[in-house]
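In: Give me a model of this one.
(one chain, ligands or ions: 2)
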Amino acid sequence: MAFVFGGTSVFLGKPVNVDSRHAHACSHGSGVRLGRLRSSSVRMVGMEVKPDKGSGSSAVELSKIGLVGLAVMGQNLALNIAEKGFSISVFNRSSSKTDDAVARAQGELEDPALFSGFKDMKEFVESIERPRSIIMLVKAGAPVDATIEALVPLLEEGDMIIDGGNEWFENTERRSEALSKKGIMYMGMGVSGGEEGARFGPSLMPGGPEEAWQSVAPILKKIAAQVDDGPCVFHIGPGGAGNYVKMIHNGIEYGDMQLIGEAYDVLRTIGGLTPDQLADVFTEWNKGDLKSFLIEITANIMAIKDDVAGDGSVLVEKVLDKTGAKGTGMWTMEEAVRRGVPSPTIASSLDARYLSSLKEERVAAEEILKGPTPAITSEQKALVEDVRQALYASKVCSYAQGMNLIKQTGVENNWDLNLGEIARIWKGGCIIRAQFLDRIKEAYGRNPELSSLLIDEQFAKELESAQEGWRRVVSLTVSEGITAPAFSASLSYYDSYRRGRLPSSQLVQSQRDYFGAHTYKRLDTDKVYHTRWSSDGVTEVIGS
Ligand SMILES: NC(=O)C1=CN([C@@H]2O[C@H](COP(=O)(O)OP(=O)(O)OC[C@H]3O[C@@H](n4cnc5c(N)ncnc54)[C@H](OP(=O)(O)O)[C@@H]3O)[C@@H](O)[C@H]2O)C=CC1
Ligand SMILES: O=C(CO)[C@H](O)[C@H](O)COP(=O)(O)O
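Out: Ligands and ions are numbered 1, 2, ... in the order given. Sure thing, here's the model as predicted:
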């Protein structure tokens, strides 16, 4: 059963053949609706389509692309695609979401005929131009496997599936390998920007075969957010590279959110700023180096009143202090641990979410564990500037960690990643979009092999000038007993990285050799040693 949306566009069963992927690509590029034959009959939303006996013409119009999964992301991305002039067929496991999507298309699109909803997967698949490109936006994991399982028997060689969800990159690689044996191409494409980004222009991080990218690039470039230096999309790399970069984007997102949360806590608890003052501070910060989507929405959040209690207080003060997490932050840390890439800002942001979830324990512990009661400062203005510096410097550390993790994995997996270009496509559309990303792009432009953003000449200067305020904020939070784990983890990261010699590491390596004969090297030679620390203290050369 096919349901179509308004106007003159109908789907009447058998698809018109558009045989080569080349033709497909060209049609994407021009936005011309190749293979769509117009019916003369007008159809109503949700009306069952029957063969058009009267017109005499083969009234078949095929969609440029298909999309499965019409929850928040899928529905909005599908509308975005149609709005950019590409005809789209959509399908969802539960048909009510298809109805919702079709209704929205009717209300929101200038040409609703470009949007066709289906309640039967076979008809959905048959409504798409060959070779078919189908985007999936369903829950990651088993639902993706289930969707692929349902789609594959209906697909043909040369067709392509693009998973737009937040998927574990190795799942994408596994699926890609399995599907390539059937001649079906598979891409894992990170999509960021939430509901609004999907609808009006997300940042897109597609990974997979070059040929697959080429065939959908014209559509993706049109639907992505547009910034001063182009659309927020490029081919990230092969295999699961797109999912990987999206996962790190989310790890960085965790860091940004936690750092802003800590700035809020310090300014509120030690600075004594009112919500109105906080809104002004975040608004002001959004005009400078910190200009970003997350700072902007924070300023807005400060201004929203609690309309449930209706007592004039701000809503954020009433929100339960438990932060959820869907998994990408955890995956980022699993990867950081697996690859041995220090990422303490992101780790502390994840820990902060886990600690927040221990609400009942924290409330009980508050009665038992004593510490300082924070005093409100009389130096409010100076504190605001110090916190701004702490936030900026910590943010640089957080991005350095995320970019290093991407770099390391790219090298280990031979992905040949372009870090500057990755920073560029995060400038618009996504949750971490920020002016600051231009600086990261420039840093990698100056040196694509940069071992850390921290030592880029521009960032090094900025960190130097921010560090006094940064240190004051961390000291203050320690002495006042309020928590700023991401500020302080970032500062330790900075201080460890800038110390050519770490005495604690000298001792820990000595301890390892003491109890486990794990050997050590010396500062003054390149040989490998073991010392009988517990007996006669005699040292042997083990190797070189
Ligand atoms: N929400 C956001 O802001 C963002 C989400 N993402 C990612 O995009 C993807 C989609 O996210 P979102 O739109 O929030 O939707 P959800 O992650 O909530 O997923 C809902 C969709 O998955 C389908 N689904 C669930 N289980 C199954 C199953 N077993 N078989 C087939 N389909 C199933 C649902 O179908 P049904 O309606 O029938 O239940 C529905 O279409 C996810 O991977 C998410 O992580 C990425 C960026 C931002
Ligand atoms: O991908 C996203 C934004 O980029 C999603 O909103 C994701 O759900 C955010 O992660 P979490 O739910 O763990 O905070």
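In: isn't Val396 right next to Glu464, touching?
Out: No. Counting by C-beta atoms under 8 Å, Val396 stays clear of Glu464, with 11.3 Å between them. (C-beta placed from N, C-alpha, C; glycine too.)
In: Compare the two (neighbour count), which wins?
Out: Val396 (24 against 11; other C-beta atoms under 10 Å).
In: for that one, helix, strand, or coil?
Out: helix (DSSP: H, G, I helix; E, B strand; the rest coil).
In: Got the confidence number for it?
Out: You'll see Val396 listed with a pLDDT of 98.
In: show me what contacts it?
Out: Applying C-beta atoms under 8 Å, 6 or more residues apart in numbering to Val396 gives the contacts Leu453, Leu454, Phe459, Glu462, Leu463.
In: Let me know whether Ala71 touches Met136 as I believe.
Out: No. Counting by C-beta under 8 Å, Ala71 does not reach Met136; the two are 11.4 Å apart.
In: Please compare the two by neighbour count and tell me which comes out ahead.
Out: Met136 (22 against 16).
In: Now do the contacts for that one.
Out: Contacts of Met136 (C-beta under 8 Å, 6+ apart): Leu67, Val68, Gly69, Val144, Thr147, Ile148, Ile161, Ile162, Asp163, Gly164, Gly165.
In: Among these, which ones are in strands?
Out: Per DSSP state E, strands hold the following members of those: Leu67, Val68, Ile161, Ile162, Asp163.
In: To what extent is the third one buried, counted in neighbours?
Out: Looking back up the chat, that one is Ile161. 27.
In: Glu149: neighbouring residues, count only.
Out: For Glu149, the neighbour count with other C-beta under 10 Å is 9.
In: how close does it sit to ligand 2?
Out: Per C-beta to the nearest ligand atom, to the nearest Å, Glu149 is found 25 Å from ligand 2.
In: most neighbours, which of the ones in strands among the contacts of Met136?
Out: Going by other C-beta under 10 Å, Asp163 tops the ones in strands among the contacts of Met136 with 31 neighbours.
In: show me the contacts for the residue of the stretch 151-300 of the chain found nearest ligand 2.
Out: Nearest residue of the stretch 151-300 of the chain to ligand 2, counting by C-beta to the nearest ligand atom: Ser192, 4.3 Å away. Ser192 makes contact with Pro202, Ser203, Met205, Lys246, His249, Asn250, Trp426, Gly429, Cys430, Ile431, Ile432, according to C-beta under 8 Å, 6+ apart.
In: Make TSV out of these and add secondary structure, neighbour count and pLDDT.
Out: Converted to TSV, the contacts of Ser192 look like this (DSSP: H, G, I helix; E, B strand; the rest coil; neighbours: other C-beta atoms under 10 Å; pLDDT from 0 to 100):
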residue	secondary structure	neighbour count	pLDDT
Pro202	coil	31	98
Ser203	strand	29	98
Met205	strand	31	98
Lys246	helix	29	98
His249	helix	24	98
Asn250	helix	26	98
Trp426	coil	28	98
Gly429	coil	28	97
Cys430	coil	29	97
Ile431	coil	22	98
Ile432	coil	25	98
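In: Report the entries of those that also contact ligand 2.
Out: Asn250, Ile431 (C-beta under 6 Å from any ligand atom).
In: mean confidence for stretch 156-168?
Out: Rounded mean pLDDT across stretch 156-168 is 98.
In: next one: stretch 339-349
Out: On average, stretch 339-349 scores 98.
In: now the end-to-end length of that stretch.
Out: One end of stretch 339-349 sits 19 Å from the other (C-alpha to C-alpha, to the nearest Å).
In: mind listing what's buried in it?
Out: For stretch 339-349, a neighbour-count test (16 or more other C-beta atoms under 10 Å) marks Val341, Pro342, Ser343, Pro344, Thr345, Ile346, Ala347, Ser348, Ser349 as buried.
In: Ok, stretch 204-221 next?
Out: Buried-residue list, stretch 204-221, by 16+ other C-beta under 10 Å: 204-209, 212-213, 215-221.
In: Next up, the contacts around Asn404.
Out: Residues in contact with Asn404 (C-beta under 8 Å, 6+ apart) are Val341, Ser343, Ser451, Ser452.
In: That one in helix, strand or coil?
Out: Assignment for Asn404 (three-state DSSP): helix.
In: Quick check: the gap between it and ligand 2.
Out: From Asn404 to ligand 2 the distance is 20 Å (C-beta to the nearest ligand atom).
In: so how far is Glu442 from that residue?
Out: Separation of Asn404 from Glu442 (C-beta to C-beta, to the nearest Å): 18 Å.
In: In the stretch 401-544 of the chain, which residue sits closest to ligand 1?
Out: Relative to ligand 1, the nearest point of the stretch 401-544 of the chain is Ile431 (7.8 Å; C-beta to the nearest ligand atom).
In: C-alpha coordinates for stretch 469-485, CSV please?
Out: Extracted in CSV, the C-alpha atoms of stretch 469-485 (Å, rounded to 0.1, in the frame of the first residue of the first chain):
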residue,chain,number,x,y,z
GLY,A,469,42.7,33.3,35.4
TRP,A,470,42.4,29.5,34.8
ARG,A,471,44.7,28.7,37.7
ARG,A,472,42.8,31.1,40.0
VAL,A,473,39.5,29.5,39.1
VAL,A,474,40.7,26.0,39.7
SER,A,475,42.3,27.0,43.1
LEU,A,476,39.2,28.8,44.1
THR,A,477,37.0,25.8,43.4
VAL,A,478,39.4,23.5,45.3
SER,A,479,39.5,25.9,48.3
GLU,A,480,35.7,26.6,48.3
GLY,A,481,34.9,22.9,47.8
ILE,A,482,32.8,23.2,44.7
THR,A,483,33.3,20.9,41.8
ALA,A,484,35.0,21.8,38.6
PRO,A,485,36.4,18.5,37.4
